[in-house]
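Engineer: Dropping a prediction and its sequence here:
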Amino acid sequence: MAVSTSHRGGRQVDFSTGDVRRNILDVAAPMLVAQVLNLLYNIVDRIYIGKIPGEGTLALAGLGLCFPIVTLVTAFANLFGVGGAPLCSIARGQKDDKTAGKIMANAYFMLVVCGLVLTVVGLVFHKPVLYLFGASDETYRYAADYMTIYLLGTVFVMTSLGLNPYINSQGFARIGMLTVLLGAAANIVLDPLLIYGLGMGGRGAAIATVVSQGLSAVWVLRFLTGPQTELRLQFHGFRPDWACIRRIAALGTSSFVMSFTDSLVQVACNATLRTFGGDLYISVMTVINSVRQIAQTPVMALTDGASPVISYNYGARNVPRVRGAIRFMTQLGFGYTLLIWGLISLFPAGFIMIFNHDPDLLAAAVPSLHIYFFGFVMMAFQFSGQSVFKSLNKAKMAIFFSLLRKAIIVVPLTLLLPHLAGLGVNGVFLAEPISNCIGGLACYITMRRTVMPELKEMESPHKEAAPCAR
């Protein structure tokens with residue numbers, strides 16, 4: 001690819017030329033819009049459900065109990081979506097479009113298979129699982145209403161979330177944004193109609209989400225199989241290449257572990273809060289998780305936008321552009337997380353009342369929010385280091401630091417701290433900032449000490465690149 005070109009499907013960004021900061025922003029800006037819109041899928045559900053007259057707080061708790069399952073579906077989408085997209089970018093940087101196309105086809109095959117398996121298993125075992133996750137007799141019906149319908153659309157979710165990174169990896173960030181825009185707009189229109197207009201409550205929110213994800217899935221497939229894409233999704237004579245699938249899964253395991261451990265943390269938090277604070281504090285955690293998703297979306301878009309730029313130039317052995325992308329991503333991410341931490345600290349009630357106006361919930365949520373977000377700026381280092389490891393196909397490092405912050409630090413602290421010094425529910429919320437500081441710094445420092453020397457060696461004319469995708 002020699003120059004940036006314009007296509008009917010949207011402008012394609014050339015990762016090999018121009019200001020690397022502009023390249024990142026050209027990809028990150030549409031991805032930010034896309035991720036904000038994607039966030040609306042669940043955020044809008046929570047806003048409407050949390051304000052159902054007379055039962056909003058309980059319904060919000062029920063929806064919060066579904067988060068681990070929704071997150072688990074996302075984890076499997078990331079396993080083959082986020083896992084394969086950097087390999088695609090590296091292969092394209094090496095001018096090997098045949099390998100790039102094979103990676104995408106095998107990834108989609110596994111997305112469909114996993115989606116079907118998750119649908120069946122989830123529908124069969126949803127009741128005992130929801131009770132295991134902290135449901136009470138009062139909140140179970142709200143959780144079950146949402147979850148049983150949501151699971152029917154799992155293949156749609158896997159397709160739209162799992163294939164969209166392959167659009168972005170080709171430089172078509174605006175098309176990737178439109179994927180999510182289509183579904184989010186449908187969800188925003190359908191939610192009030194089904195939840196309030198037809199009185200369907202949580203079931204209406206789930207139906208709106210499934211229909212919306214279905215529209216996004218159709219859009220993705222139409223683009224990737226059409227004439228506008230650079231790499232076309234083809235299945236003529238397709239047979240699964242298990243060696244290719246293993247490479248995708250090896251790199252995607254990092255993102256899978258991040259999402260899976262998020263699910264694990266949510267289970268640990270809900271179960272512990274059920275013991276120490278009851279259904280009210282499960283509602284509080286639902287709101288805080290929603291605020292966290294809002295807060296971290298821009299920095300995630302930034303690191304996701306930098307990823308294909310880093311991967312492509314790593315494959316092309318353009319070391320100065322790799323360094324510049326890493327530096328810009330880290331500096332901008334640090335500035336943003338510092339700003340959003342300040343806003344949440346100054347105006348906690350404003351963020352909470354987006355979802356619920358109940359005085360009891362507000363009184364419990366404000367101090368909990370302050371504890372949970374303390375030191376949020378350290379997440380910039382976690383996101384930056386993790387993004388570099390994934391972009392350069394350093395799967396083992398990416399997996400380790402995913403496990404370190406969540407499974408090794410957060411989950412044990414969530415279970416232990418409430419029993420110490422009378423901390424109770426505050427111990428649950430305190431586990432997050434401790435993990436941000438320890439995990440974030442460990443991830444970033446390790447990245448600097450391992451990646452930067454490798455990049456210096458790559459500049460030597462006697463060194464051969466071994467990025468992957470072979």
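Structural biologist: Perfect, thanks for sending it. Here the structure is a predicted model, which is why all the values come from computation and not from measurement.

Engineer: Tell me if I am right that Lys390 is in a helix.
Structural biologist: Yes - checked against DSSP: H, G, I helix; E, B strand; the rest coil, Lys390 lies within a helix.

Engineer: which ones are touching it?
Structural biologist: Taking Cβ atoms under 8 Å, 6 or more residues apart in numbering, we find Lys390 in contact with Val82, Pro86, Leu251, Ser254, Ser255, Ser307, Ala398. No exception for glycine: its C-beta is placed from N, CA and C like everyone else's.

Engineer: again with Gly83
Structural biologist: Applying Cβ under 8 Å, 6+ apart, we find Gly83 in contact with Ala107, Ile248, Ala249, Ala250, Leu251, Gly252, Thr253, Ser254, Ser255, Phe256.

Engineer: mind showing which ranges of the chain have poor pLDDT?
Structural biologist: Residue ranges of the chain with pLDDT under 70: 1-19, 27-28, 30-31, 34-35, 37-38, 40-42, 54, 56, 461-470.

Engineer: so which of the contacts of Gly83 is the most crowded?
Structural biologist: Gly252 (32 neighbours; other Cβ atoms under 10 Å).

Engineer: any idea what that residue is structurally, helix, strand or coil?
Structural biologist: Gly252 falls in the helix class when you classify it by three-state DSSP.

Engineer: Point me to the helix or strand that includes the residue nearest to it when sequence neighbours are not counted.
Structural biologist: Excluding the flanking residues, the one nearest Gly252 by Cβ to Cβ, 6 or more residues apart in numbering is Gly83, at 1.8 Å. For Gly83, there is no enclosing helix or strand under DSSP states H and E.

Engineer: Please, where are all the helices along the stretch 251-400 of the chain?
Structural biologist: Here the stretch 251-400 of the chain has its helices, by DSSP state H, counting those that start in this stretch, at 279-315, 319-346, 348-352, 359-372, 379-391, 395-403.

Engineer: Make TSV out of the contacts of Gly83 and add distance to Ala325.
Structural biologist: Below are the contacts of Gly83 laid out as TSV (distance: Cβ to Cβ, whole Å):
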residue	distance to Ala325
Ala107	24
Ile248	23
Ala249	26
Ala250	23
Leu251	18
Gly252	21
Thr253	23
Ser254	19
Ser255	19
Phe256	24
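
Engineer: Identify the farthest-apart pair in those.
Structural biologist: By the measure Cβ to Cβ, Ala107 and Ser254 form the most distant pair in the contacts of Gly83, at 15.1 Å.

Engineer: Now do the same contact list for His370.
Structural biologist: With contact taken as Cβ under 8 Å, 6+ apart, His370 is in contact with Ser345, Pro348.

Engineer: Go again with 10 Å.
Structural biologist: When contacts are counted by Cβ atoms under 10 Å, 6 or more residues apart in numbering, His370 is found next to Ile344, Ser345, Pro348, Phe429, Pro433.

Engineer: Return the residues in contact with the second one.
Structural biologist: What it means is Ser345. With contact set as Cβ under 10 Å, 6+ apart, Ser345 has these partners: Leu369, His370, Phe373, Phe374, Phe376.

Engineer: what separates it from Ala295, distance-wise?
Structural biologist: In this view, Ser345 and Ala295 are 11 Å apart by Cβ to Cβ, to the nearest Å.

Engineer: Overlap in contacts, these two.
Structural biologist: Common neighbours of Ser345 and Ala295, using Cβ under 10 Å, 6+ apart, are Phe373, Phe376.

Engineer: Break down the protein into its strands, ranges please.
Structural biologist: 5-7, 10-12 (DSSP state E).

Engineer: still on that earlier bit, how about the residue nearest to Gly252, phi and psi?
Structural biologist: Phi and psi for Gly83, reported as degrees, to the nearest 10, are phi -70, psi -40.

Engineer: same deal with Gln234?
Structural biologist: phi -130, psi 140.

Engineer: ok, it - contacts?
Structural biologist: Per Cβ under 10 Å, 6+ apart, neighbours of Gln234: Gly101, Lys102, Met104, Ala105, Leu224, Thr225.

Engineer: at 7 Å instead, please
Structural biologist: Applying Cβ atoms under 7 Å, 6 or more residues apart in numbering, we find Gln234 in contact with Gly101, Ala105.

Engineer: and Ser283, how far is that from Cys114?
Structural biologist: Distance, Ser283 to Cys114, by Cβ to Cβ: 31 Å.

Engineer: So which of the two has more stuff around it?
Structural biologist: More crowded of Ser283 and Cys114, by other Cβ under 10 Å: Ser283, with 30 against 20.

Engineer: was I right about the more buried one contacting Glu55?
Structural biologist: No - with contact defined as Cβ atoms under 7 Å, Ser283 does not count as touching Glu55 (11.4 Å).

Engineer: hang on, the earlier thing: looking at the contacts of His370, which one is closest to Lys406?
Structural biologist: Using Cβ to Cβ, the contacts of His370 come closest to Lys406 at Pro433, 13.7 Å.

Engineer: who are the neighbours in contact with the closest one?
Structural biologist: Tyr372, Phe374, Gly375.

Engineer: May I have the phi/psi pair for the second one?
Structural biologist: Think Phe374. Backbone geometry at Phe374, expressed as degrees, to the nearest 10, gives phi -60, psi 130.

Engineer: And the last one, by the same measure?
Structural biologist: Torsion angles at Gly375 (phi, psi; degrees, to the nearest 10) stand at phi 70, psi 20.

Engineer: can you pull the contacts of Phe67?
Structural biologist: Gln266, Asn289.

Engineer: again, but for Ile352
Structural biologist: By Cβ under 7 Å, 6+ apart, Ile352 lies in contact with Val287, Leu362, Ala365, Val366, Leu369.

Engineer: CSV for the residues you listed, including neighbour count?
Structural biologist: Formatted as CSV, the contacts of Ile352 follow (neighbours: other Cβ atoms under 10 Å):
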residue, neighbour count
Val287, 26
Leu362, 16
Ala365, 28
Val366, 14
Leu369, 22
